[in-house]
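Chemist: What follows is a protein structure lacking sequence information:
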């Protein structure tokens, strides 16, 4: 079993941008952490990984209203930042899922 890269800062660009409240970026990070936890457990089955990715992305989808209520939104910078973090996670764990497929459930 492989641990996730301790030197990689998930969603760093969102944390650096005051447009995104940190407590909401934390919630997005929590969703991605579910995928990392699965992969750190040794799971390599792409269907199981994709199912967890779908759940995480749906969890992020559910945060959109809360972003709106805090004068923010999941827009271009956030989309690219989330996608880059997902791509890094998949690459780190050698999971052969395309990033676009990985975040296929997004509505942002």
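Modeler: Looks like it came in fine. Predicted model only: the values in this text are computed from it and were never measured. Numbers count the residues shown, from 1 in each chain.
Chemist: which SS class is the residue most central in space within the chain?
Modeler: Central residue of the chain (CA atoms, centre = their mean): residue 32, 3.9 Å from the mean position. Of the three states, residue 32 takes helix under DSSP: H, G, I helix; E, B strand; the rest coil.
Chemist: do residue 42 as well
Modeler: Under three-state DSSP, residue 42 comes out as coil.
Chemist: Please name the residues that touch the closest residue to it other than its chain neighbours.
Modeler: Distance criterion CB to CB, 6 or more residues apart in numbering; nearest residue to residue 42, sequence neighbours excluded, is residue 1 at 4.4 Å. Bear in mind the C-beta positions are built from the backbone N, C-alpha and C, glycine included. Contact partners of residue 1, counting by CB atoms under 8 Å, 6 or more residues apart in numbering, are 40-42.
Chemist: In TSV: those residues, plus distance to residue 18.
Modeler: Converted to TSV, the contacts of residue 1 look like this (distance: CB to CB, whole Å):
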residue	distance to residue 18
40	31
41	35
42	38
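Chemist: By neighbours, which of those residues wins?
Modeler: Among the contacts of residue 1, the one with the most neighbours (other CB atoms under 10 Å) is residue 40, at 14 neighbours.
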